[in-house]
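Enquirer: Based on what follows, work out the 3D shape:
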Amino acid sequence: MDFSISTLLKSFADDKLLAAKALEKKLDCQELTDDRQLQIVLDALEKIGILAKERGKYRRVTEEGVVEGKLRCSSKGFCFAIQDEDDTEDIYIRESQLNTAWNGDRVLVKVTKEGRRRRSPEGEVRLILERSNPSVIARVKKTEEGGYRAVPLDDRLLFELVLQPDEGASLEEAVDQLVHVDILRYPLGDNPPLGHITQVLG
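Expert: Now for the predicted structure:
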């Protein structure tokens with residue numbers, strides 16, 4: 001699946017209804033697996049109330065107090081969603097309200113508390129539209145259970161990746177080394193993100 005949810009949602013304009021077939025064409029879905037993945041995404045977006053289905057076609061639901069922005073996080077765990085338009089306020093998001101979003105991701109944010117005086121409005125991440133980190137530079141550590149984790153060098157990325165063993169390379173040899181890690185799976189429910197070392201940098 002080469003399209004992001006952000007690209008998919010941009011296909012919807014002015015409350016128009018779109019059939020899944022029309023979306024397949026717009027997003028250049030050529031394989032049968034692409035069509036299946038698109039249907040899974042459409043079903044999920046309908047379930048969480050981002051899309052509505054009418055007579056077999058979909059339309060975007062506009063929701064009061066939901067804005068789009070790009071996450072800018074600090075190493076202390078709090079983040080702001082920066083909106084694209086000028087003269088809009090940044091929305092403060094606590095670490096507990098990030099819902100597995102990472103620094104740099106494009107997100108839909110539900111405003112939960114209006115800004116007052118000098119305080120920014122507060123919100124929670126409703127949906128991750130686009131991931132900005134397909135890979136990271138990290139340091140490898142061994143866990144007490146005997147597994148291996150990659151700790152990103154960028155301290156604004158507030159997570160550790162579980163490393164998947166590689167047939168050819170020993171993870172033991174990579175402990176305390178800097179590595180380039182491709183992300184195989186982003187966090188899913190209680191499951192941490194999963195990564196694979198593509199290069200040991202030393």
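Enquirer: C-alpha only now, for contacts and for neighbours.
Expert: Fine.
Enquirer: The worst-scoring helix or strand of the chain on mean pLDDT: what's the following helix or strand?
Expert: Counting by mean pLDDT, DSSP states H and E, the weakest-scoring helix or strand in the chain turns out to be helix 171-174, with a mean of 80. For helix 171-174, the succeeding helix or strand toward the C-terminus, using DSSP states H and E, is strand 178-185.
Enquirer: So which residues of this structure form helices?
Expert: Taking DSSP state H as the test, the helices found in the chain are 5-10, 20-26, 32-47, 171-174.
Enquirer: Might you report the residue contacts of V162?
Expert: G147, Y148, R149, A150, P192, P193, L194, G195 (Cα atoms under 8 Å, 6 or more residues apart in numbering).
Enquirer: is it in a bridge, and if so with what?
Expert: R149, L194 (DSSP bridges).
Enquirer: With distance to R94 added, can I get the helices of the chain in JSON lines?
Expert: Below are these laid out as JSON lines (distance: least, Cα to Cα, whole Å):
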{"stretch": "helix 5-10", "distance to R94": "23"}
{"stretch": "helix 20-26", "distance to R94": "35"}
{"stretch": "helix 32-47", "distance to R94": "24"}
{"stretch": "helix 171-174", "distance to R94": "33"}
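Enquirer: which one of these lies closest to S135?
Expert: The closest of these to S135 is helix 171-174. By Cα to Cα, the value is 17.0 Å.
Enquirer: Show me what counts as buried in that closest one.
Expert: By neighbour count with 16 or more other Cα atoms under 10 Å, helix 171-174 contains the buried residues L171, A174.
Enquirer: tell me what it is packed against?
Expert: Helices and strands touching helix 171-174, by 3 or more Cα pairs under 8 Å, 6 or more residues apart in numbering; DSSP states H and E: there are none.
Enquirer: what's it in contact with?
Expert: Defining contact as Cα under 8 Å, 6+ apart, one finds that helix 171-174 is touched by V140, K142, Y148, P165, V200.
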